[in-house]
Structure formats: C-alpha cells, structure tokens
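# please work out how this folds:
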Amino acid sequence: MRVDNRLADGVPMRPLACDRCAAQVLVRKSSRQQTSVQWNSGAMALCAEREGAGPAFEGCGSLRDTIREATLRGTIELADSGAAAPGGSGRRLT
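The predicted model follows:
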C-alpha cells in the first residue's frame, strides 16, 4: 500500500461558496496551475452553470473566478508559492 502524502504540506481543503450561485464546495490550491475541487450533491444542485450541462460538464467558470479571487485575497492558501497566507502555513498567490 502506498502512503498518501498529498496533504503533508499542511494546507487542507477549505469550504468556499461560489459568488454567483452560493454553491459551497471544498477547495485546495496545490500550485498556481493545480486546483482540487470537491463537489457535494447540494453544490451540484445549486450550480447555475452545471444545470443542464449533463455529463459534458467540464467545470464552472463562475466558481473558477471565485477561487481565483479567494486565492488573491488569501482566503484559499496556495501550497507552493510566495508569501505565507494569513492564519496558515501555506502560501498565497501574489
């Protein structure tokens, strides 16, 4: 069995609500390029962009914008870059 050390850097997933539809997901930014989003059934039901997309849904632009803004504000920590985010051991996008 292989040990899962993806969260060993101390930056956990954080709840975040989309600015457009208030769908709340869990988010983690490992780097500027890599974002993990964990959807639940409530968020899937609320997402304005997901509605009607069916199995072809490839992501929500509004949520992506919300995550970017939260990262810039330091609400969502960036694990491998720049200055430390307030209240955490991770990093924030600068």
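# excluding chain neighbours, what is closest to the residue most central in space within the chain?
For the chain, Val27 is the residue whose C-alpha lies nearest the centre (C-alpha atoms, centre = their mean; 2.6 Å). Closest residue to Val27 apart from its sequence neighbours, by C-beta to C-beta, 6 or more residues apart in numbering: Leu16 at 4.7 Å. In this view, the C-beta of every residue, glycine as well, is placed from N, C-alpha and C.
# what residues does the helix or strand that contains the one you found touch?
If you go by DSSP states H and E, Leu16 is part of strand 14-17. Residues outside strand 14-17 that contact it (C-beta atoms under 8 Å, 6 or more residues apart in numbering): 23-28, 66-67, 70, 75-77.
# which positions in the longest strand belonging to the chain come out as buried?
Longest strand in the chain, counting residues (DSSP state E): strand 24-29. For strand 24-29, the neighbour count (16 or more other C-beta atoms under 10 Å) marks 25, 27-29 as buried.
# okay, now the closest residue to Thr66 other than its chain neighbours: neighbour count?
Spatial nearest neighbour of Thr66, excluding adjacent residues (C-beta to C-beta, 6+ apart): Asp19 at 4.6 Å. Neighbourhood size, Asp19 [other C-beta atoms under 10 Å]: 13.
# how many neighbours does Leu46 have?
17.
# and Ala45, that's in a helix?
Yes - counting by DSSP: H, G, I helix; E, B strand; the rest coil, Ala45 is found in a helix.
# show me what contacts it?
So Ala45 contacts Ala23 (C-beta under 8 Å, 6+ apart).
# go again with 10 Å.
The contact partners of Ala45, taken as C-beta atoms under 10 Å, 6 or more residues apart in numbering, are 21, 23, 51.
# please apply the same query to Ser62.
Ser62 touches 18-21, 23, 47-49, counting by C-beta under 10 Å, 6+ apart.
# rerun at 6 Å
18, 20 (C-beta atoms under 6 Å, 6 or more residues apart in numbering).
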